[in-house]
Structures are given as structure tokens and as C-alpha cells.
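S.K.: The following comprises the amino acid sequence and a computationally predicted model.
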Amino acid sequence: MNPNWERFLTAAHLGQPDQVPVALIVDSPWLPDFAGIDTRDYFLFPEKWMQINLELLKRFPDVVWIPGFWVEFGMAAEPSAFGCRMRFYPNRPPSIEPLVKDLAFWQKVEPINPAEDGLMPLALRLYQQMDLRLQTEGLGIHMVAARGPLTTTSWLTGITALMEGLVDKPEEVDHLLGTVTTSLIRWLEAQLESLQEPQGILLLDDLVGMVSRRTYQSLVEPHLKRIFEHFSGLLRIYHNDTPCQHLLESLSYAGFDVFNFSHQTDIALVKQKMGDRVALMGNIAPLDLGVRGTPQQVYSAATECLDKAAPGGGMILSFGGGISPGTLPENIDALTLAARDWKNKS
């Protein structure tokens, strides 16, 4: 097994590996530009997709890529299965148009079928084929991903209708969130079943950070817990880079193993609130430092992060969110250097 992946798994289960792992969430907002190709070509041509993702391993051998060899169409897979309209562009991921704002419309909608609906069957087929090829090279795909219940629902109704509904029509929103959650479990299951050696899931839902603690506990937490409990036994990573200090303690009981969170939240506070239950994956500013900063600034911020949160284990060095478009490769190098130097210092 790859030593970087072993370190990552150790830290993800609250252990303290011989060196703090560096892991980064990467997808189509960054990869096509990094490779110098049209974003549509990244989605359309499997050989280019494979070449670019393999090149990541060669260019950054000390980084764990999450989820790694991600078959995705920006954020379009989940809403496409419900029939949402998508627009594709040459230099950025597709945009999604909300389908129907009226919550009453969604009360009779059935959960989706990943084998037939939207872009999902295409993604599943590509997962099957690419995983088989990677297995022959001793690699393979080990993690899959989905957007979370609030984010996915927001594409169906629009964010305003969803947020207003959480207050004015909680029963209708709860029913719709249940339908979406069932759909997401089916989607994650179908992806895992397409792989030879599945080991984990990544769930991404930033909108959770926008609700109150009371709303989270009554209307959101049950659906998040349902997803994470369904995949008990696998590694479960949750990404939410909306600042949500008010939810940290509650989120630590949602059932995930690793939390990737906003750089605007002090990692020392997050460790205090969550660190004995959840491994932390952060916490460098992805835009201000990853894109606009110098390697020296990234190195300094990474060292500060490690000083605050690495002692005792359960620490994974990363950006406080995914890799932003325009992130400089040398700033990624600075992260790995900081992790290596901190090991020697400690």
C-alpha cells in the first residue's frame, strides 16, 4: 500500500502517523486549467481524464488526492438525475438551473435510479472501465463522492425557496430531503459497486453551515446521519467550507471520520470542539494563500496549522476547502515541505 495513503488512513482514524499527511480535494474547477485543456474535453475524453489524473501522482508524489480519479461533471451529476438543466462551458464547470421552486411539486417525486438517470450511468460506466485499467497498474479507485442533501436539494428548488421552506414549510422540506437522501445513498452505493476495492466516501455540503443549530438538529442532522451511518465501516469524509462555528460540536456526532472545513475557522477551536471524535483536514486559505500567496506564506501558515492541531494525532494538512482555480503548483509543494519539516522539528 502507498505510504502516503497509509499515513492518511492512520490520521483519519485519529492516529498519529510518522508524518502528517497532505491531502487535497481536487476536481474540475482546477484540473483542466492545470493541464491546459478545455473543461469540456476533460469531461468528454476519458484518455485525457486518465492522463491528467495520473500526472497528478507524478507531479505531486507526496499528496493524497481526495477522492482521487473522481469521475465528475462539476456539480451536475446529482441534479441531472432529477432533470435539472445544465450549461457547459470551455473554461469552468457547468452551471445548474433550479427546476421547480414550489415545494409542493416535490412531494410526489420518487428517488432517482443511478443506473438510468441523468449523467449518472455514464459516470458509473467510466468508473468501471477506468478502475479496471488502474488495477492493472497497481492503483485503482478507492473513494467515491456525492454532494450532500441540502446542496442537492438547493439545485432542485433554488437556494431561496429551500431556505425559506426550512422556516415556513419544514414538513415539506423534510420530506424532500428524505427523497434526496435516499437518492444520494443509491448514488454512492452504485459508485462503490462499480469499483474493485472501495474504501470510502466523500460527502460535500456547504449549505449546512448556513442554518441555525436548531434547524440543523431538527431538519438536517437526521439526513446527514442516515448517509454516514449507511456507510459505516468505510472511511467517511465530510466537506463543508462555510464557516459554522455554531455547529462544530453537533457536527462531530454526525458520523463522519474526517472534517474538511473553512479556513476562516481557527483550527485550534475546531480541534477543541471536535478533535477527540473527528480527524481534521485543513486549514490553509485556498484563495488568499493557495492562489494569491507565495510558497513562503503557504509554508508559514501550514506550520502554524500543524503547531496548533497536529500534536496528539488526527491531523491532515490541506486547504480549507477544495483546490481553487488558479492554485499554484509550487504552493502545493510548500504544503508537503511544511509537513516534512514539521516531522523533523517535532
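M.R.: Done, it's in. Residues are numbered from 1 along each chain as shown.

S.K.: so where do the strands sit in this protein?
M.R.: 22-25, 63-66, 85-87, 95-97, 143-147, 200-204, 235-240, 258-261, 279-284, 315-319 (DSSP state E).

S.K.: Among these, show me which one is buried the most.
M.R.: Ranked by mean neighbour count, the strands of the chain are led by strand 315-319 with a mean of 29 (mean count of other Cβ atoms under 10 Å). Backbone N, C-alpha and C define where each C-beta goes, glycine included.

S.K.: Save the strands of the chain as a markdown table, and put in mean pLDDT too.
M.R.: Converted to a markdown table, the strands of the chain look like this (pLDDT from 0 to 100):
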| stretch | mean pLDDT |
| --- | --- |
| strand 22-25 | 98 |
| strand 63-66 | 97 |
| strand 85-87 | 96 |
| strand 95-97 | 96 |
| strand 143-147 | 98 |
| strand 200-204 | 98 |
| strand 235-240 | 98 |
| strand 258-261 | 98 |
| strand 279-284 | 96 |
| strand 315-319 | 98 |
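
S.K.: This protein - how does it break down into domains?
M.R.: Domains of the chain are assigned by automatic domain parsing as 1-30+56-68+234-346, 77-141+143-198.

S.K.: could these go into CSV alongside distance to residue 39?
M.R.: Below are the domains of the chain laid out as CSV (distance: least, Cβ to Cβ, whole Å):
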stretch, distance to residue 39
domain 1-30+56-68+234-346, 6
domain 77-141+143-198, 6
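
S.K.: out of those, nearest to residue 205?
M.R.: domain 77-141+143-198 (2.5 Å; Cβ to Cβ).

S.K.: what's the span of that closest one from first residue to last?
M.R.: 20 Å (Cα to Cα, to the nearest Å).

S.K.: now stretch 102-118
M.R.: Distance across stretch 102-118, first residue to last, is 22 Å (Cα to Cα).

S.K.: Can you list the neighbours in contact with it?
M.R.: Outside of stretch 102-118, the residues within contact range by Cβ atoms under 8 Å, 6 or more residues apart in numbering are 76-77, 79-83, 100, 120-121, 124, 156-157, 161, 165, 169, 172-173, 175-176, 179-180, 182-183, 186-187, 189-191.

S.K.: what packs against the biggest helix by length in the chain?
M.R.: In the chain, with assignment by DSSP state H, the single longest helix is helix 170-193. Applying 3 or more Cβ pairs under 8 Å, 6 or more residues apart in numbering; DSSP states H and E, we find helix 170-193 packed against helix 77-81, helix 120-136, strand 143-147, helix 149-157, helix 159-168, strand 200-204, helix 221-230.

S.K.: Could you give the number of residues near residue 299?
M.R.: Neighbourhood size, residue 299 [other Cβ atoms under 10 Å]: 21.

S.K.: Please disregard the earlier target; I meant residue 214.
M.R.: By the criterion of other Cβ under 10 Å, residue 214 has 8 neighbours.

S.K.: just residue 330 next, same as before
M.R.: By the criterion of other Cβ under 10 Å, residue 330 has 11 neighbours.

S.K.: Hmm, it is touching residue 295, no?
M.R.: Yes: under the criterion of Cβ atoms under 8 Å, residue 330 makes contact with residue 295 at 5.0 Å.

S.K.: Need the residues touching each of the two.
M.R.: Joint contacts of residue 330 and residue 295 (Cβ under 8 Å, 6+ apart) do not exist.

S.K.: got the contact list for the closest residue to residue 276 other than its chain neighbours?
M.R.: The shortest distance from residue 276 to any non-neighbouring residue, by Cβ to Cβ, 6 or more residues apart in numbering, is to residue 14 (7.7 Å). If a contact means Cβ under 8 Å, 6+ apart, then residue 14 has 276, 279, 313, 314 as its contacts.

S.K.: Now do the contacts for residue 235.
M.R.: 9, 12, 143, 199, 200, 201, 257, 258.

S.K.: quick one: which of those residues is nearest to residue 58?
M.R.: Residue 58 has its nearest neighbour among the contacts of residue 235 in residue 143, at 19.8 Å by Cβ to Cβ.

S.K.: tell me which residues form a beta bridge with the closest one?
M.R.: The partner list for residue 143 in beta bridges (DSSP bridges) reads residue 200.

S.K.: isn't it right next to residue 202, touching?
M.R.: Yes: look at residue 143 against residue 202 with Cβ under 8 Å: they come within range, at 6.0 Å.

S.K.: Mutual contacts of the two, please.
M.R.: The overlap between the contact sets of residue 143 and residue 202 (Cβ under 8 Å, 6+ apart) consists of 66, 67, 237.

S.K.: how about low-confidence regions in the chain?
M.R.: 1, 344, 346 (pLDDT under 70).

S.K.: rerun that using 80 as the cut-off
M.R.: The chain contains residues with pLDDT under 80 at 1, 275, 343-346.

S.K.: Keeping just the C-alphas, turn stretch 257-265 into CSV.
M.R.: C-alpha atoms of stretch 257-265 as CSV (Å, rounded to 0.1, in the frame of the first residue of the first chain):
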residue,chain,number,x,y,z
ASP,A,257,-14.5,10.4,10.3
VAL,A,258,-12.7,13.4,8.7
PHE,A,259,-13.9,17.0,8.5
ASN,A,260,-12.6,19.4,5.8
PHE,A,261,-13.7,22.9,6.9
SER,A,262,-13.4,26.6,6.3
HIS,A,263,-10.0,28.3,6.7
GLN,A,264,-12.0,31.2,8.4
THR,A,265,-12.4,29.0,11.4
